[in-house]
Structure formats: C-alpha cells, structure tokens
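# I'd like to go over a predicted model; first the sequence, then the structure.
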Amino acid sequence: MYRIRLHGRGGQGIKTGSRILGSAFFGAGFEVQDAPVYGAERRGAAMSAHVRAARTPIRERGVITRPDLVALVDETLLQVPAANVLLGVDAASVLLLQGNGDAETWRARLALSGTVVVLPAAGERAEAELGGARCAGAAARLAGVISRPQLIAAIAQELASLGPVATATTTAQALAAYDAVAPHAGVLRESRPAAATAFAAPEWIDLPLESARVAAPAIFAAATSVEVRTGLWRTMRPEIDYARCNRCAWICSTLCPDSAIRVRADRSPEIDLEHCKGCMICVSVCPPQAIRALPERAARARELAAAP
Amino acid sequence: MNPALRRMKDLPSTHLLGAGSAMCAGCGGLLALHEICDLLGARTVFVNAASCMTLLASYPFTPFRGSWLYTAMASAPAGAQGVRDALDILSERGRLPPEQDLTAVALTGDGAATGIGLSATAGAIDRGLDFIYLCYDNEGYGNTGQQSSPATPLGARTATSTGAHGHPASKMDLFAIWVAQRPAYAATVIGADPLDLARKIDRARALKGPRLIHALAPCPPGWSFDPAEGVEIGRLAVKTGIWPLKEYVDGRVVHTHVPHPRLPVEEYLKRQGRFRHLFEPGRDTRVLAQIQSQVDAYWEQVCA
Amino acid sequence: MRRLLTGNAAAAWGARLARADYVPAFPITPQTEIIELLAQWFGSGELRGRLTLLESEHSMLTAAAAAAATGVRVFTATSSQGLLYAMEMLYAVPGWRAPFVLVNVSRGLASPITLESDHNDVLAARDSGFLQFHCASCQEVVDSVLLAYRLAEDPRVRLPALVNLDGFHLSFTREPVDLPTAEAAAAFLPPFESQGIEFRAGRPVSQAVAVLGGSAYSYFRYETHLAAEQALQAHGAIAAEFAQRFGRRHDAVERYRSDDAEIAFFMIGAFATKAMDAVDRLREAGIAAGLVRPRLLRPYPAAALQRALAGKRAVAVIDQNLSVGKGGVLHGELASVLYGQPDAPLLASYIGGLGGRDISAGEFFQIARELQDAVLARRVPPPRLLYTAGELRQMRNLQAIAAGERGMPEARA
C-alpha cells in the first residue's frame, strides 16, 4: 500500500491535491482512500490530507502515522509544531518539498536519512493556490505507477465544476511538477504494515478522577488566545513605512479584525506579526498608503539574510 | 451622544479582545466584535450560540478578557437569561458586590438570529431581559461553508443557492422584527464605520432591557472576495444604501447615516464573487433591477 | 408532620425545602402543578428568588444550567415531549459541571401522543450525564429532591441530577408525606457552593469551551463518567446521613423481601409498589418472591444489584419502556451486570405499563408462575408484552370505527 500525506495551509489546494492523486491512482486500477483532516483553523492555517492506494481493498482508516511519502506544499509549516509534518517519517519515507534549496541541504537541515525531493518553486500564486495539485502531480510520478493521461484525466474529473480555465491552469502546473521530478520516478515504494508481533504496547493509564474545576472545559484566565501564533497563517505581510505614516493613531489599529496592531506612545502603529493573519485590510485602509504588502516568504528570507 | 465620541481618535486605542482566535483572516464579524469589546470592557459575559464564533475559544485558548459561556445554536438568549437572573438573585441577596456585576451579551450569527434561535430571542425580548444581543450577520451559515440562511440577500450565490439567479428570496429584516417588539434599543452597525458603531454601543450601554446590535459582517470566504477589501466592501454596503445604518430608541427609528448620493448597488455587488453570476457571462438585468428597486423603495420610504 | 400531598406538590416542596434560588420553567402536562406551586410561593414570599417562564424546554434547560454556572441553586421540571425538546441541552450541560436538579414527570412519548405514564422519556436521558433518581411514592419524591441536591452538589460529583416520578400515578395522586422541617432540611442541605465555577467581573472564565481532537474530548467526557461513578460511593454516605436525620432509608437499590427470595421482580417507578403487594400475596401462597428496585439508575448500582440478585433462581424484569427493535431497556442493563456472575439468576423480560396501561395483580402472579416454570425448565420464556385478548378485542372495535366499517355498539343501539 502507498500511504501519502499532504501538508499545507487552508487555501493551498491540499484537499484538491489529495483528490486528484486519489482519482489518479483509482484510474490506474488501485483501490483508494483519500480524506482531508481539518482542525478549527481557517484559510492559511495548517491542514493535511491523506491518500492511501493499494491493489487490495483498504481497511486502514484515519490519519496516516507511518507515511511512505510526505508532500509538503509550504515549507514554512516545518516551524509549526502542531502541523506535525514529519510525524512518522523514517529512513524508508520520501519527503517531497515544494520550495527553494537543494535536497541535500534539506536532508541535513531536517536530519533525515531518507530520500528528499525538492519541487522547485513556481511563483507565489501557483504555490499559494495550486500547491496541492503540483504536489499531486509530483507524487504521481514518484510512485511511478500513474501515467500522464491518467493524471490529466484525474484533474479533469476533480476540477470539472470549476470550468475549463481552472482545469487547464491546474493541469499545466501538475504536469510541470510531474515532469520536474522525472529523475526520481519510482522512488516511492509501497510498504507493508508493521507485524502484529512487533509493536510498542500502548502506555494505557487509568484516568484519575479530578476536581470539577479542572475537569470541565473551562478557562480561568483572560486572553490566553495570544498563545496561538496565528501569524503563521500569513502568506502576505503588511509592512509600515514609518516615514509615510501620519500617526493618525487609529485607523489601521481599529480596523484590524484581529487586534494585531498596537498604537505606541508616540502614536505610531506597530504590527504584531505573531498574530497578524495577513488579511491586508490595514494596507487598503491606510489613508497615506504607508503600509505595503510583502510576500511572507520574501520577508522571511530577508530577515534570515539580515540575521547575524 | 457621548461627547467623547466625535472623531476616530476618540475611539479606544487599546484592544481588549485577545489576538490569536481562529476566525478567518479579514473576518468582518471579528472586526465588529473587537470594536464592541473595546467599548463594552471586560465586565461582560458573552453567551455564545453555535456559529463561526463557537471557535473564538478552543480549549485552553480564549480571546476574552471578560467571561464567556458557550450554549447551543438556538438558546444563547436563554443562557443570557439564566446568567442575568442568577446575577440579579445574588445581588438581591447581597452576595454580589456591584463591582462584580456583569453585562450579559448574547453573541450569535445570522442563522441563529433569524432562524433556529428566533423564538428564544423573541422570548427574551418579551420578558424584557436586560441584555445586549449582538448578531454578526454574514448572510449565511458561514461556519459550515455558507449555505443560505434567512438573512441571505436576494441574488447571492451560496452553497445551497447555486441556480442561475442565486438566492431567490429577500433578506429577512431582523431589525424590524426586533422593533416590532419595542425593545429598549436596536441598531444596525458595521465594523467599517467604527465611529457610528461606537456611538451606538455607547448609547446601548447606558440603557437597560433588550438591546440589539446587528452588525453586517463581510465574510471573505463566504462572499468570495479578497480579505483586504473587507472594509471597502462594508463601506460600499452603506454607500449603496444596501445596509442602512440606523437605530431605534425612544420608540423611533432614526437613520444615523443617509447616503447621498446613493451609489448604484452594482458598485457593491460586483466586488463579491457571490454576485459574479449577475454580471458574467451576461448581465442578469432582472435580478439587478430588483435589488436596486428594493433599495430605492426602502430609502424613498425613509426620506418620505 | 404528615400531610396529604400529590407527587407534584411533593416535588415542589422538595425545591422549597432545598431553598432553590431560581426556577426557569415551561408548562407541560402532567408537570404543570409543580411550577404553579413554586410560582405561588415566589409570589407570596415563601420562597426567595425568581421563577422565569421561558419559551421552551430547550431554553429552560439552557437558562437552568447558565444560572447554575453563575452560582445559584436551580430547580426546574418538565415531562415527556418537553424533556425530549430539551435533549440537546440535557446532554450538553453535565459537562459544565454546574449542578442543579431537574424533575421529570414521566409520560409516554409520541407517537401516538398520550398523557399517561411510561419511562421512555426519562430513559432517553439515560446516557446524558445527569444522575437519575426514580421514585415509587410521593414521600420518596420530596426526599429524593433533597438527596439529589446533596449528591449533585457534592464536590466530588458536581453533576446535574434528574428526579423522576410517574405521571398520574404519583404526579396527581395524593399520599401521606412526612415533610421535613425547613430547619432539618437546611441542616441536611447546606447552601450552594459554587466552588469557583461562576461568572464575576474581575474573575474571567470561559465556560463550555470547544476542544480540538479526540484526546481532550475523551478526557473531559470520561471525567464526567468518573464523577458519576464517584456519586455511587457518595450516595451511600449521604443516604445514611439522611436516614439518621429523618428516619427514612433510601438506598441506591431497594430490596423488598428479596433476601431470602427464590424469584424476584425487577422494576422502577410507582408500579413497583404494586409489585410489593404482589410479593406479599405470593408469600402468603408459599412462594418465595421478592422485589429488587434500583432507585438510582445513573450511576448504575451494579455491585449492589449483583449482590441483591446473586443466588436468586429467576428474575423478571418488568420494563415500562420499549427500546424499539430491542425490547426492555432495564432488561438489557441488568443482563450486562449479571452476565458471567456466579449464581446469576435466569432473566426474563416483560414489557408492561406502556402509556399508563395498568399491570394487574393477576399479571404479577402469572409472571411469578412463569418464573417458577422457567426454573424447572431451566429456560426463560421469550420476551412478552403484557397485553390481553380482551384488550385486543377492544382495539379491533376501535380499528373498525377508524376504518369506517361501523360505529360504537352504543351508538348503533
């Protein structure tokens, strides 16, 4: 069985990618399962999707904990512990990563002993919206059991309701990815589940009875949500040009839905990048246009370069 | 009106609602909520109905500096009733010092406000419950992917109104339903006009009894627009006359902003994916004219 | 002091003696008298606090739990369709860990709509997280309300409690009831302690918050289960204290002449007193019969039931309810705790008393006879609905009229 996990953000086409891959395997004669996993998060938040394909009926269910392939649409998720991108990745797993840099650097950086395949970045927009489809195309080639026509047919089927333009764009991106990883065709292997004799016994405990105050889903503190770094959802970053800011001291701060712009004592605004989700309302409402939008990835690269 | 609320710079500069909640980027409901929280302060208990805002708090994270109680989709006003009654009882017994008292705020989406929770709301108004009812109205069941609700406007495409002409019915008039019951106060607001909103919250805060704050909440995923445009779309809702800013107080409805000249409704509609089918591939002149004439008729009656 | 009270009045007196601060209410037959009495007492000042009439039971339950979560003592009551209308909140609020007492006056569920009693309404709340008390007399109703508050508010428990009484047979039936004095009740039931679960300015709390993922969910759900299990132990001590103060013993499981019995009836609710009567007649006839009646259904007193029934030759579970497609609910529940026990009795299933249908003395005797036969044959009879040929003949007459075939015999005469 092939066990494939796709990771990305809401809005990057992860679910669509998993369905394209599922349909492609199905078209190639496999039994298939595909399913997205949502948390409470919204557009920009981490999510995953799971594809299983086998030559016999599939009885496993739910989250894939021992993936043969992890396809990562957005490498910034590696910094998000809750995204659990590398869960169960071992020497036999393949990591497909959309982004910059070469495979060896990534292997070293992530301390991986298995294969890493880098899918070169294809521009912000393609990455942002078609990342799932690109990874599906690449994964199809890595498995080596899905033909180009089977991939094209799967995309046509999954995107039928979005019209011919969307289908054509997606197909082009997915095929480009399919071709780009050709040197690695077949690197993805089917794996067998662990034997019933070789397992780590669960560390079951007897849940203790605890006082109602702690054993109720109640929070006895204020504004604990600041612990949640919704800034990681961001794909675009607002940046204030303080030379142009007229210190109105209110507009961007009041109109930020997320309370993520603070007004300092000198009446200048300060963006809380830990929590800014990147809606860019501040950019569009600033009267002197003192806030501009930067792609988050470029902003981070600049920060890294500037770091000592 | 509070003389301290004349200009934008009179608005609170500190924000009480904590960042980090799970609302979508650019959420028009969260925008209104945070502006309202800033004004109401932390001596509040928000009683939440099932909606997108169910997930404002998810254990162990809450954005509130005051208190919060999650109930169910239909019964947030009844939850507010229980809290208010209990606080009153404690107060009568001398077991609640005045400084520990709270304002009860029911927080619901339009689905609860105009549908499943309407009888609980009507009951609370009828009993004269001393509470603020905050409805953020994104004109559909947003948390489940924007199906049509009674608050969905004519012509909008939703996950369940996918026909050529969009949603076939007009938006339910929640404000009028409230006003018919003669509440202490009712107002429409929008996060994109924080000053108008602040004046209304200020007025509502000073009154006792059932008080409606009905906020139009532009919804980037549900209405299909770029989150950056949320405030602009909100302003257009006001400038086109689609979202009248008004209040009911002392038995009278007063419009706090009369758009003049009114922009054509198309200026508002064409910015949103949910109305795209009215313009592409061909113009749906019948539905567009119908929407415009409803707005015209409304304002003719207001200005008559 | 003993006085004649209906079951409904006894329930209201329970709330009064418990000094309930707050009663959110909504009327439904046969519960209405409870809230009318309480409204009178709030009006006259005999009770301090407030009764608020909501617009539905769903709202009523929400207001009840919200008020309990704000730190006052809450009482409320409903019945049948009303309990089911409130069912979403009935399952939601135990997890708030804000205790209060809900009285249910049992009444059969639609369809067809009926006003008379059976237990399908209250059993629909079986898995909700409410503790469940079942009464067989008006005396037990008032006592159970007080016991329910003590147990629900116990710091180890903190779950809402439901006290059940049968419509008509208790709700509208007057019996002598020995009412505790207000002082004695207050000594038994101290003022409500919120234990910090309350809404106050300056002490922010977010209650009933969503969780993400099965692990957090499992933790919170299972903690309510552990608290309910804890309630079983706590109940023993509380019932003993009650007996000491008031001279009436209300164990989790009532055993009537069952210790030396060979066969036993097993049932809950008001008709259990009819079973006691039948036991006496059977004993007079030389048959060693007894009755075992759980008063506490949640938490389920499994060990006490195993002890009470070990060594009996055969037990008839008389279910005044029907799990459609399965049979009697209590039969299945009892079987689950007796299975595999040494000395477990044969277990027979009878469905009786649906929608207020009577269970006659003759039927109890016949059930006893079938149990004796089962012991000899070492095989239980198949489940049986208590329903006679005469009833079916009546039914045929009604059906004939409904079909337009003929009028009532009297009408034709």
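Received, thanks.
# state the pLDDT value of the closest residue to chain B within the stretch 101-250 of chain A.
At 3.2 Å from chain B, residue A:223 is the closest residue in the stretch 101-250 of chain A, using Cβ to the nearest Cβ. C-beta: built from backbone N, CA, C; applies to glycine. We note a pLDDT of 96 for residue A:223 in this prediction.
# equivalent analysis for the one 4 residues further on, please.
The predicted structure scores residue A:227 at 94 on the pLDDT scale.
# pretty sure residue A:27 contacts residue A:150?
Yes. The pair residue A:27 / residue A:150 is scored as a contact, 4.5 Å apart, by Cβ atoms under 8 Å.
# could you give the number of residues near the closest residue to residue C:357 other than its chain neighbours?
Excluding its sequence neighbours, the residue lying closest to residue C:357 (Cβ to Cβ, 6 or more residues apart in numbering or on different chains) is residue C:386, at 7.4 Å. A count of nearby residues for residue C:386, using other Cβ atoms under 10 Å in any protein chain shown, gives 20.
# which residues are in contact with residue C:386?
Counting by Cβ atoms under 8 Å, 6 or more residues apart in numbering or on different chains, residue C:386 makes contact with C:350-353, C:357, C:359, C:363.
# quick check, nearest of the residues you listed to residue B:195?
residue C:353 (67.2 Å; Cβ to Cβ).
# look up the closest residue to that closest one, ignoring the ones flanking it.
Distances taken as Cβ to Cβ, 6+ apart put residue C:320 closest to residue C:353, at 4.0 Å, once the chain neighbours are dropped.
# and the residue nearest in space to the middle of chain B, which of the three is it?
Central residue of chain B (Cα atoms, centre = their mean): residue B:215, 2.3 Å from the mean position. Following DSSP: H, G, I helix; E, B strand; the rest coil, residue B:215 is assigned to strand.
# for it, give me its contacts.
Residue B:215 neighbours (Cβ under 8 Å, 6+ apart): B:28-29, B:32-33, B:36, B:134-137, B:188-191, B:197.
# quickly find the element holding the residue nearest to residue C:69 when sequence neighbours are not counted.
Distances taken as Cβ to Cβ, 6+ apart place residue C:98 nearest to residue C:69, at 4.0 Å, with adjacent residues excluded. Of the helices and strands defined by DSSP states H and E, none includes residue C:98.
# which residues are in contact with residue C:98?
Each residue near residue C:98 by Cβ under 8 Å, 6+ apart is listed here: C:65, C:68-69, C:158, C:160, C:197.
# give me the buried subset of those.
Taking 16 or more other Cβ atoms under 10 Å in any protein chain shown as the criterion, what is buried in these is C:65, C:68-69, C:158, C:160, C:197.
# tell me which of the residues you listed fall in helices.
C:65, C:68 (DSSP state H).
# in helices, which of the contacts of residue B:215 fall?
Secondary structure from DSSP H places B:28-29, B:32-33, B:36, B:197 of those in helices.
# from those residues, which single one is nearest chain C?
Set against chain C, the nearest of the ones in helices among the contacts of residue B:215 by Cβ to the nearest Cβ is residue B:33 (14.5 Å).
# how many neighbours does residue C:39 have?
16.
# against which helices or strands is the host helix or strand of it packed?
Residue C:39 belongs to helix C:32-44 when assigned by DSSP H and E. In terms of contacts (3 or more Cβ pairs under 8 Å, 6 or more residues apart in numbering or on different chains; DSSP states H and E), helix C:32-44 is packed against helix C:7-17, strand C:22-25, strand C:50-53, strand C:75-78.
# tabulate these (CSV), appending mean neighbour count, mean pLDDT and distance to residue B:123.
Formatted as CSV, the helices and strands packed on helix C:32-44 follow (neighbours: other Cβ atoms under 10 Å in any protein chain shown; pLDDT from 0 to 100; distance: least, Cβ to Cβ, whole Å):
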stretch, mean neighbour count, mean pLDDT, distance to residue B:123
helix C:7-17, 27, 98, 23
strand C:22-25, 27, 98, 11
strand C:50-53, 19, 98, 9
strand C:75-78, 31, 98, 16
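# could I get those as JSON lines with distance to residue A:94?
As requested, these are exported to JSON lines (distance: least, Cβ to Cβ, whole Å):
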{"stretch": "helix C:7-17", "distance to residue A:94": "67"}
{"stretch": "strand C:22-25", "distance to residue A:94": "60"}
{"stretch": "strand C:50-53", "distance to residue A:94": "63"}
{"stretch": "strand C:75-78", "distance to residue A:94": "60"}
